[in-house]
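Undergrad: could you look at this predicted model? Sequence included:
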There are 2 protein chains.
Amino acid sequence: MQPSSLDELIEALRCLPGVGPKSAQRMAYHLLQRDQRGAARLAGALGHALDVLQHCERCNTFSETEVCQRCANPRRDPALLCIVEMPADLAMIEQTQSYNGLYYVLMGRLSPLDGIGPRELKLDKLIARAADGVVQEVILATNFTNEGEATAHTVASLLAPRGLRISRLSRGVPVGGELEHTDTGTIAQALVERRTV
Amino acid sequence: MQPSSLDELIEALRCLPGVGPKSAQRMAYHLLQRDQRGAARLAGALGHALDVLQHCERCNTFSETEVCQRCANPRRDPALLCIVEMPADLAMIEQTQSYNGLYYVLMGRLSPLDGIGPRELKLDKLIARAADGVVQEVILATNFTNEGEATAHTVASLLAPRGLRISRLSRGVPVGGELEHTDTGTIAQALVERRTV
């Protein structure tokens, strides 16, 4: 007995990650009852983003132009290519202000359980990008989770035959970290990867 | 350095209840990267719902027509008016198949901390509805939370001078409930409201 347009809105909201039937219902009521302006804005923003956003030809991140601003910036070092999982990871590295090379954004990670393999991640696009003859070093900056490590390993094995230098972010005790409060896995890794000073 | 259409989408997603900056970002990436069809569907459903949904003139719930199907149903008893907070509460009562009267949906509850007082809840619309001369009993079925109880109390005090019978859902031990596993407040209430058998 509920209007079909309301049912359809509740069903459509379930495409959002982590939103089940109860949250979708709560969201629909909230939007219609308390925030119609927000709802109209969201509808417009979705439509506009779908219209104008594409993937940068070079780094694969979301961009409104064929090549994104960062890839088009001549002040960036084109010999360095840093591979990250998501744009949020790229943003974190940019915030460190300690990297001036270019990026490649995988837009995901290998995750066989979710059906995301090398083909879904379009690793061939990454290989073509890394083998442009200008890139000399590829820095693997995927997460240090199981899936991120597996992704880094796969990418490394695909790029190894191309004669590129391949590196990975170092693991170890966080800056400012106290050994007493660091997990043993991290300390063990920091021992294995200890540096001569 | 992020495209403005992506920033705008992330910002617009924050109008959803319980969605902060991190979830909004995750939702935006998911929609754009993994579920563009879902995103287009959501944009369409939002626009359509905003276009066609209004509040039923009689019961105040969402409806695509001036008077909703339920209020227009001549087999319903117009002498009974059950007052609930949200359409989800109405749906629960309908599922019991034990009520054949009409409803009034407040679309919220009194909540001074959120700035929702009698005016925001449009209680004058409820009073006009209940005082139509046909309604004889008003059943208060707001939640048994603090806010729901306060709402029921306020509605009762507003309707009392109209000569209507006013009732409230009973409180007590849930059907199938074991005393050992029932909270003491509920047991105390069940004692106070004990029934002669």
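TA: Alright, I've got the coordinates. Residues are numbered from 1 along each chain as shown, chains lettered A, B, ... in the order given.
Undergrad: longest strand of chain A?
TA: For chain A, the strand reaching the highest residue count under DSSP state E is reported as strand A:77-84.
Undergrad: next secondary structure element downstream of that one?
TA: Downstream of strand A:77-84, the first helix or strand assigned by DSSP states H and E is helix A:87-95.
Undergrad: which strands and helices sit next to the longest strand of chain A?
TA: Here strand A:77-84 touches helix A:87-95, strand A:101-105, helix A:123-130, strand A:137-140, going by 3 or more CB pairs under 8 Å, 6 or more residues apart in numbering or on different chains; DSSP states H and E. Where C-beta positions appear, they are placed from N, C-alpha and C, glycine not excepted.
Undergrad: what sits against the residue most central in space within chain A?
TA: Within chain A, one residue has its C-alpha closest to the average C-alpha position: by CA atoms, centre = their mean, that is A:M86, at 0.8 Å. Under the criterion of CB atoms under 8 Å, 6 or more residues apart in numbering or on different chains, the contact partners of A:M86 comprise A:105-108, B:29.
Undergrad: lowest-confidence helix or strand of chain A?
TA: Averaged element by element with mean pLDDT, DSSP states H and E, chain A has its least confident helix or strand at helix A:184-192 (a mean of 85).
Undergrad: in that one, what counts as buried?
TA: By neighbour count on 16 or more other CB atoms under 10 Å in any protein chain shown, the buried set for helix A:184-192 is A:186, A:189-190.
Undergrad: related to what we said a few turns ago, now render the contacts of A:M86 as TSV, adding neighbour count and pLDDT.
TA: Conversion of these to TSV gives the following (neighbours: other CB atoms under 10 Å in any protein chain shown; pLDDT from 0 to 100):
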residue	neighbour count	pLDDT
A:V105	22	96
A:L106	23	96
A:M107	20	94
A:G108	18	93
B:Y29	20	93
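Undergrad: most widely separated two among the residues you listed?
TA: Between any two of the contacts of A:M86, the greatest separation by CB to CB is 11.9 Å, found for A:L106 and B:Y29.
Undergrad: coming back round to it: rank the helices and strands packed on strand A:77-84 by pLDDT, which is bottom?
TA: Per-stretch averages of pLDDT across the helices and strands packed on strand A:77-84 put helix A:87-95 at the bottom, with a mean of 90.
Undergrad: how about that helix and chain B, touching?
TA: Yes - legend: contact between helix A:87-95 and chain B by CB under 8 Å from any CB of the partner chain is shown at A:87-88, A:91, A:94.
Undergrad: now those: which count as buried?
TA: Judged by neighbour count, with 16+ other CB under 10 Å as the criterion, the buried members of the residues of helix A:87-95 next to chain B are A:P87.
Undergrad: A:Q189 contacts A:G172, doesn't it?
TA: Yes - contact between A:Q189 and A:G172 holds when scored by CB atoms under 8 Å: they sit 6.6 Å apart.
Undergrad: quick check: longest helix in chain A by residues?
TA: Across chain A, the helix with the greatest residue count (assigned by DSSP state H) is helix A:36-52.
Undergrad: direction included, what does the next helix or strand after that one pair up with?
TA: Beyond helix A:36-52 on the C-terminal side, the first helix or strand identified by DSSP H and E is strand A:54-55. Sheet pairing for strand A:54-55, assigned by DSSP bridges, gives strand A:62-63 (antiparallel).
Undergrad: give the rounded mean pLDDT of the partner strand.
TA: Within the predicted structure, the mean pLDDT of strand A:62-63 is 95.
Undergrad: name the residues that touch that strand?
TA: By CB under 8 Å, 6+ apart, the list of residues contacting strand A:62-63 from outside reads A:53-56, A:69, A:87, B:2-3, B:6, B:32.
Undergrad: can you rerun that using 7 Å?
TA: Counting contacts by CB atoms under 7 Å, 6 or more residues apart in numbering or on different chains, the residues outside strand A:62-63 that touch it are A:53-56, A:87, B:3, B:6, B:32.
Undergrad: before we move on, what about stretch A:110-129?
TA: Outside stretch A:110-129, the residues touching it (CB under 7 Å, 6+ apart) are A:58, A:60, A:104, A:106, A:108, A:147, A:150-151, A:154-155, A:158-159.
Undergrad: how distant is the longest helix of chain A from the center of its chain?
TA: Centroid separation between helix A:36-52 and its chain, computed with CA atoms, centre = their mean, to the nearest Å, is 23 Å.
Undergrad: and it, what's its mean pLDDT?
TA: 96.
Undergrad: just stretch A:13-20 next, same as before
TA: Summarised as a single mean, pLDDT over stretch A:13-20 is 95.
Undergrad: any part of it near chain B?
TA: Yes - between stretch A:13-20 and chain B, judged by CB under 7 Å from any CB of the partner chain, the touching residues are A:13, A:15-17.
Undergrad: if we can go back for a sec, for the least confident helix or strand of chain A, the distance to its chain's centre please.
TA: 26 Å.
Undergrad: and the longest helix of chain A, which residues are buried?
TA: Applying a neighbour-count criterion of 16+ other CB under 10 Å, the buried positions in helix A:36-52 are A:38-50.
Undergrad: would you turn these into JSON lines with distance to chain B?
TA: Listed next are the buried residues of helix A:36-52 as JSON lines, based on distance: CB to the nearest CB, whole Å:
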{"residue": "A:G38", "distance to chain B": "3"}
{"residue": "A:A39", "distance to chain B": "5"}
{"residue": "A:A40", "distance to chain B": "6"}
{"residue": "A:R41", "distance to chain B": "5"}
{"residue": "A:L42", "distance to chain B": "4"}
{"residue": "A:A43", "distance to chain B": "4"}
{"residue": "A:G44", "distance to chain B": "8"}
{"residue": "A:A45", "distance to chain B": "4"}
{"residue": "A:L46", "distance to chain B": "4"}
{"residue": "A:G47", "distance to chain B": "5"}
{"residue": "A:H48", "distance to chain B": "5"}
{"residue": "A:A49", "distance to chain B": "4"}
{"residue": "A:L50", "distance to chain B": "6"}
